[in-house]
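J.: give the three-dimensional model of this entry:
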Amino acid sequence: MQSPLEQNLPEVRGTYAFSKSLKEYTTFKIGGPAEVLYLPADVDDLAHFWANKPKGVPITLLGEGSNILIRDGGIAGIVVHLGKGMDAVESTDDVLFCEAGASTGKVARLARTSELTGAEFICGIPGSMGGALVMNAGCYGSEMVDILIDVHVITDTGEKKILEPSFFNFVYRNSTLPEGWIYTGCTMQLKAGDKNEIRGKMRFVNHQRRGSQPLEWPNAGSWFKNPEGPNGPMAAWKLIQESGCRGLRKGDAQVSEKHCNFFINLGAATAADMEDLGAEVQEKVLSQTGIALQGEVRLLGDRVQRF
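T.: Below you'll find the model as predicted:
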């Protein structure tokens, strides 16, 4: 027998799945199920769904699943996964367009093969382009807003729009998206460049990541934000290390010994393990330094399943 939620779902060209585990949709490889998982066929299918979505039902957007921890109880309501079907990337002259479901790596590689420079930094940011827009992602002195021409969205009523970047107030690691709107893509202004030089820049970025981050283990990026100090931002990893937390472990959740602000899944970690580990590290750093670290990884869903 169908649940009331199943009965109220609009017809789509994409697919629905019910009580679907979300582990495979996260870089942590951790997490409970989605009550309903919706995979759009394309942006038009998503716009139709958005215009006809069930009222009063919580909806969660999910891209590459980096920078998040999905709790073991899963996510009630509808999880919309922006992936295949919304991952187109194309270049024309010195302009590159991508949809929100495209991975940052895919975008950086197309820029390289198209001999376009300016997007090399993107390869050092794990996740999807939708997430990169939400966070105005950046590294090595560059960020998304620096290369944006326009931004594609679906409004709260399901209308597709193309707007200038200034509308979204892009600032350091943040943007302002009206409630109920979705980033669906963007157009970027790049420059003609030498393929070998572009490849070299990307290799440098990836080498830096491999040398300093535990990429060999499932993780979600930096667990804590770098706190502000009297002379500027302080390194959270250093505070964690100085508080004796390097290698600290809860079940199969561990503070990485390579980079103390990365928590890693050694194989069978639960979301509760990760969350409890974060709380213990937070307490130890506060006790040792008087600094209250703030989480950077987003916690989604419930500890106990309720659907």
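
J.: so what are the domain limits for this structure?
T.: 4-81, 89-210, 215-300 (automatic domain parsing).

J.: hang on, Ala47 in a strand?
T.: No. Membership of Ala47 in a strand is not supported by DSSP: H, G, I helix; E, B strand; the rest coil, which gives helix.

J.: residues in contact with it?
T.: Applying C-beta atoms under 8 Å, 6 or more residues apart in numbering, we find Ala47 in contact with Ile154, Gly158, Glu159, Lys160. C-beta: built from backbone N, CA, C; applies to glycine.

J.: gap between the first one and Gln305?
T.: If I follow you right, that is Ile154. Remark: distance between Ile154 and Gln305 (C-beta to C-beta, to the nearest Å) = 30 Å.

J.: again, but for the third one
T.: As judged by C-beta to C-beta, Glu159 and Gln305 stand 35 Å apart.

J.: quick one: which of those two has more around it?
T.: Gln305 (16 against 12; other C-beta atoms under 10 Å).

J.: for the nearest residue to Asn52 once chain neighbours are set aside, pull up the helix or strand it's in.
T.: Leaving aside its sequence neighbours, Asn52 sits nearest to Pro10 (C-beta to C-beta, 6 or more residues apart in numbering; 3.8 Å). Using DSSP states H and E, Pro10 sits in no helix or strand.

J.: okay, Pro10: pLDDT?
T.: At Pro10, the model reports a pLDDT of 97.

J.: doesn't Glu143 make contact with His165?
T.: Residue 165: Pro, not His. No. Counting by C-beta atoms under 8 Å, Pro165 does not reach Glu143; the two are 11.2 Å apart.

J.: can you point out the buried residues in stretch 92-104?
T.: Asp94, Leu96, Phe97, Cys98, Glu99, Ala100, Gly101, Ala102, Ser103, Thr104 (16 or more other C-beta atoms under 10 Å).

J.: ok, now stretch 170-185?
T.: For stretch 170-185, the neighbour count (16+ other C-beta under 10 Å) marks Phe170, Ser175, Leu177, Trp181, Ile182, Tyr183, Thr184, Gly185 as buried.

J.: can you list which of these are found in strands?
T.: Ile182, Tyr183, Thr184, Gly185 (DSSP state E).

J.: the stretch 1-150 of the chain: strands as residue ranges?
T.: For the stretch 1-150 of the chain, the strands defined by DSSP state E, counting those that start in this stretch cover 15-21, 33-39, 59-62, 68-70, 75-81, 89-92, 95-99, 116-117, 138-139, 142-143, 148-154.

J.: what's the end-to-end length of stretch 49-56?
T.: 15 Å (C-alpha to C-alpha, to the nearest Å).

J.: what about it, average pLDDT?
T.: What stretch 49-56 shows for mean pLDDT is 96.

J.: so that it lines up with my notes, have the first residue be 634 from now on.
T.: Shifting the count to begin at 634 puts that one at stretch 682-689.

J.: distance between that stretch and the chain's centre?
T.: 24 Å (C-alpha atoms, centre = their mean, to the nearest Å).

J.: name the residues that touch it?
T.: For stretch 682-689, contacts defined as C-beta under 8 Å, 6+ apart pick out 638, 641-643, 645, 647, 671, 673, 692, 711, 713, 787, 789-792, 815.

J.: ok, of those residues, which come out buried?
T.: Buried among these by 16+ other C-beta under 10 Å: Leu638, Leu642, Val645, Gly647, Tyr671, Pro673, Ile692, Ile711, Val713, Ile787, Gly791, Ile815.

J.: dump those into CSV; add distance to Ser855 as well.
T.: Shown next, in CSV, are the buried ones among the contacts of stretch 682-689 (distance: C-beta to C-beta, whole Å):
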residue, distance to Ser855
Leu638, 35
Leu642, 36
Val645, 36
Gly647, 33
Tyr671, 29
Pro673, 29
Ile692, 27
Ile711, 29
Val713, 25
Ile787, 29
Gly791, 35
Ile815, 25
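
J.: what segments of the chain are helices?
T.: 637-640, 676-684, 737-746, 762-767, 828-845, 869-875, 904-922 (DSSP state H).

J.: which helices and strands does the shortest one pack with?
T.: Packing partners of helix 637-640 (3 or more C-beta pairs under 8 Å, 6 or more residues apart in numbering; DSSP states H and E): strand 666-672.
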